[in-house]
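Asker: Got a predicted structure plus its sequence, pasted below:
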Amino acid sequence: MKTLTWRHQPFSLLLRWLGVGFFALLTLFPLIWMGATALKSPAEVMTRISANPFNPQFWPTEPWWPNFQVVWLSGIGRGLLTSIFLSVITVTGLLVTTIPAAYAFARLEFAGKNWVYTAVLTTLMIPETVTFIPNFLTVASLHWVDTWQGMTVPFMANAFYIFFLNQYIRQIPQELFDAAAIDGAGTIRTILQLVIPLLSGPLATVIFLEVLGSWNSLLWPLLISQSATWRPVAIALARFTSEEGSQLGLRMAASLFAILPMLIVFLILQRRITETLVRSGIR
């Protein structure tokens, strides 16, 4: 029986690699096609047409870099830098509010704790679009329209992330908190030196999801940004594709500019995110 199992192992391993390779190709093919199209000249886009990567017509004869130059100077570059700045500010503010809130609900005792926590979770049932009008009126009353504050502050608190981190903080052994208290650690020191290091995986997940949400946000920036000063890449990309609808190479180059930063962020946080999913029992 052992010999039979050993003989079937190479075949089973081959099937696994073929399956993984097939799904990897399905996932990466759109990006490969976008890159190949973005590197084609306008003439090649119309003449060298193929959806088969093994066909020479699929690839450009030589890279056509002016596509990326035109796209960057058209406003996509400014939108890209604006989105990076807004994402950093939003995520920083979110972590500052969410981590202490999750810790308080998980480990501290105070009057009305369960009622407050229930009220926070109840907000998850409210559609985000319903809050746009009251949020806009609040932002306008603070004179934050067309400012970075108006683009970021409304998203610096999130009930789901409080709930998400709260579940992980509850799993930290009480003995560790007792040891920190014996060492004289206060609440802030406990959060900084105990909770945050132990929540590196969940925090990486929160950071990625919030960066992704901020990066793809379109409706709220349309309401707040009244000039090109704080126009993020999502709006810049929508405007560019509508203006250059017939220039497929330019559109693909612009799309690559919008996608690549998120791919880089995911690759940096991938290991921590995967660890979090495995620990959560999600396969």
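Answerer: That came through, no problem.
Asker: how deep is the residue lying closest to L250 once chain neighbours are set aside tucked in, by neighbour count?
Answerer: Distance criterion Cβ to Cβ, 6 or more residues apart in numbering; nearest residue to L250, sequence neighbours excluded, is E244 at 4.8 Å. Backbone N, C-alpha and C define where each C-beta goes, glycine included. By the criterion of other Cβ atoms under 10 Å, E244 has 17 neighbours.
Asker: Which stretches in the stretch 51-200 of the chain count as helices?
Answerer: All helices of the stretch 51-200 of the chain, identified by DSSP state H, counting those that start in this stretch, fall at 66-71, 77-107, 113-122, 132-141, 148-152, 159-170, 174-182, 187-190, 196-198, 200-216.
Asker: Quick one, which of the ones you listed gets closest to P30.
Answerer: Nearest to P30 among the helices of the stretch 51-200 of the chain is helix 200-216; the distance by Cβ to Cβ comes to 16.5 Å.
Asker: what about the lengthiest helix in the chain, distance to the chain center?
Answerer: Longest helix of the chain, by residue count under DSSP state H: helix 2-38. Relative to its parent chain, helix 2-38 has a centroid offset of 26 Å by Cα atoms, centre = their mean, to the nearest Å.
Asker: in the next helix or strand after it, what's buried?
Answerer: Proceeding N to C from helix 2-38, the next assigned helix or strand is helix 42-47, under DSSP states H and E. Neighbour counts over helix 42-47 (16 or more other Cβ atoms under 10 Å) mark 44-45 as buried.
Asker: how many neighbours does W72 have?
Answerer: W72: 15 surrounding residues under other Cβ under 10 Å.
Asker: Could you find the closest non-adjacent residue to it?
Answerer: Per Cβ to Cβ, 6+ apart, closest to W72 is F257, 7.2 Å.
Asker: gap between the one you found and F266?
Answerer: 16 Å (Cβ to Cβ, to the nearest Å).
Asker: which residue packs closest to the residue nearest the centre of the chain, ignoring adjacent ones?
Answerer: Nearest residue to the geometric centre of the chain (Cα atoms, centre = their mean): L212, 2.2 Å. Take L212 and drop its neighbours on the chain: the residue closest to it by Cβ to Cβ, 6+ apart is M262, 6.2 Å away.
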